[in-house]
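# what's the 3D shape of this:
(2 chains)
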Number of protein chains: 2
Amino acid sequence: MHIDAQGLEILDREECLRLLATVPLGRVVFTDKALPAIQPVIFGLDDDRIVLRTSPGAKLALATRGSVVAFEADSFDPGTRAGWSVTLIGEARPITDPAALARAARLAIDTWTPGPRDHYVEITGRIVSGRRIVGALCS
Amino acid sequence: MHIDAQGLEILDREECLRLLATVPLGRVVFTDKALPAIQPVIFGLDDDRIVLRTSPGAKLALATRGSVVAFEADSFDPGTRAGWSVTLIGEARPITDPAALARAARLAIDTWTPGPRDHYVEITGRIVSGRRIVGALCS
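So this is what the prediction gives:
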């Protein structure tokens, strides 16, 4: 087990992707009008690519087009103080190829809000990193 | 109730701050080596300021010094598809004034990892925004 300077377990890429597949919701980090922005999203995972389902005119779709963004998901239990966080950094691109769109649709990504969500964005995981707190560590 | 273009309830500043006080953990969004970065943190809330407890040499302390950062916290229930997200944007500054340090210490911010955590950072909430999903909205 590799531990970082903060006492957290360093997770390898394989473990990061395995953990991402266990949660439905993550957060996209991008820049909006030169300010840092973050938005929770339901996501799908296709190998090492994050797939988002949105509407073409949504801020998320517009602000992330061709941008390098971060995607984060985590799961923490305040009771045991255990948990993990995974961050993926890569370029966000709209999915336009028909075969890729069909593949994205097969992920059956849930939507929690009304309105059309027929626009898909993919984030390729160029850098994937993660940390785990093993829990029961008190100050 | 105000609803945005995505069908989400728009929360006012007062409600955002009230919700922030209900969770122990949020995420700081910043820039690290010109790449977007995000890190989960335990936090305290002092009026409309987010207070973080870290170590002086931690990446979080170094990368956020004097920077405009975002801080996000959320709570979602996949079962009911209900939840909320609040984002606060402002300048991050180390707390150095003795009276302000004593005030930060009184927040008794928990730490989940070993090692000294005697360095405090505050993020003043210049822009506070939030959204709520009322739940039970199916695609």
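# Is chain B within reach of the helix or strand bottoming out on mean pLDDT in chain A?
Using mean pLDDT, DSSP states H and E, the weakest-scoring helix or strand in chain A turns out to be helix A:59-63, at a mean of 87. No. On the criterion C-beta under 8 Å from any C-beta of the partner chain, helix A:59-63 is out of touch with chain B, staying 8.5 Å away. C-beta coordinates here come from the backbone N, C-alpha and C atoms, glycine included.
# what's the answer for stretch A:87-98, then?
Yes. Using C-beta under 8 Å from any C-beta, stretch A:87-98 comes into contact with chain B via A:87, A:89.
# Could I have the CA atoms of that stretch written out in PDB?
Backbone C-alpha positions of stretch A:87-98 (Å, rounded to 0.1, in the frame of the first residue of the first chain) are rendered in PDB as follows:
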ATOM      1  CA  THR A  87     -10.300  12.500  -9.900                       C
ATOM      2  CA  LEU A  88     -10.000  12.100 -13.600                       C
ATOM      3  CA  ILE A  89      -8.600  14.900 -15.800                       C
ATOM      4  CA  GLY A  90      -9.000  15.100 -19.500                       C
ATOM      5  CA  GLU A  91     -10.500  16.800 -22.500                       C
ATOM      6  CA  ALA A  92     -14.300  17.100 -22.600                       C
ATOM      7  CA  ARG A  93     -15.800  16.600 -26.100                       C
ATOM      8  CA  PRO A  94     -19.400  16.300 -27.400                       C
ATOM      9  CA  ILE A  95     -20.100  12.800 -28.800                       C
ATOM     10  CA  THR A  96     -21.300  13.200 -32.300                       C
ATOM     11  CA  ASP A  97     -20.400  10.000 -34.200                       C
ATOM     12  CA  PRO A  98     -23.500   7.900 -34.600                       C
END
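# Might you calculate how far it sits from the centre of the chain?
11 Å (C-alpha atoms, centre = their mean, to the nearest Å).
# contacts for stretch A:62-77?
For stretch A:62-77, contacts defined as C-beta atoms under 8 Å, 6 or more residues apart in numbering or on different chains pick out A:19-20, A:22-23, A:25-32, A:37, A:43, A:50, A:82-94, A:121, A:123, A:133, A:135, B:25, B:27, B:29, B:35-38, B:40.
# Generate a PyMOL selection restricted to the buried subset of these.
The buried residues among the contacts of stretch A:62-77 can be selected in PyMOL (16 or more other C-beta atoms under 10 Å in any protein chain shown) with this line:
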select buried, (chain A and resi 19+20+23+25+26+27+28+29+30+31+32+37+43+50+82+83+84+85+86+87+88+89+90+92+93+94+121+123+133) or (chain B and resi 25+27+29+36+37+38+40)
